[in-house]
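A.B. asks: The following block contains a protein sequence and its predicted model.
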Amino acid sequence: MSMPFPQDERARVAHALHDGVAQTLAALGYELAAAARDCPDGPAAARIATARSLAAAALEEARTVGLSVQPPPHGDPLRPLLTEGRA
């Protein structure tokens, strides 16, 4: 997918997604994992599990959008390794 913006603008947006949104979502995932350990049972546990799934999906979407805005210069040789085993 090619964006109709100059290369430097695409790089700025991709950088902002990575250093802003993706980092915040990753931190949210860590906090939710800690909450899941603190609250392994009960109604809150199910809500925490749902929130963890939503945070993981949002992080993956942010990564996908970042790559569509600014793909790696020679493809992404690590992508198959990083996504291996994900359903």
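C.D. replies: Perfect, thanks for sending it.

A.B. asks: Could I get the full set of helices for the chain?
C.D. replies: 7-16, 23-38, 43-69, 79-83 (DSSP state H).

A.B. asks: mind checking how far the most centrally placed residue in the chain is from Val21?
C.D. replies: Nearest to the geometric centre of the chain sits Leu59, at 1.9 Å (CA atoms, centre = their mean). Computed as CB to CB, to the nearest Å, the Leu59 to Val21 distance reads 8 Å. Every residue, glycine included, has its C-beta placed from N, CA and C.

A.B. asks: Could I have the CA atoms of stretch 49-58 written out in PDB?
C.D. replies: Extracted in PDB, the C-alpha atoms of stretch 49-58 (Å, rounded to 0.1, in the frame of the first residue of the first chain):
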ATOM      1  CA  ALA A  49      -8.000 -11.500  30.000                       C
ATOM      2  CA  THR A  50     -10.300  -9.700  27.500                       C
ATOM      3  CA  ALA A  51      -8.400  -6.400  28.000                       C
ATOM      4  CA  ARG A  52      -5.100  -8.200  27.400                       C
ATOM      5  CA  SER A  53      -6.400  -9.700  24.100                       C
ATOM      6  CA  LEU A  54      -7.700  -6.300  23.000                       C
ATOM      7  CA  ALA A  55      -4.400  -4.600  23.900                       C
ATOM      8  CA  ALA A  56      -2.400  -7.300  21.900                       C
ATOM      9  CA  ALA A  57      -4.700  -6.900  18.900                       C
ATOM     10  CA  ALA A  58      -4.300  -3.100  19.000                       C
END
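
A.B. asks: Just the buried positions in that stretch, please.
C.D. replies: Ala51, Arg52, Ala55, Ala56, Ala58 (16 or more other CB atoms under 10 Å).
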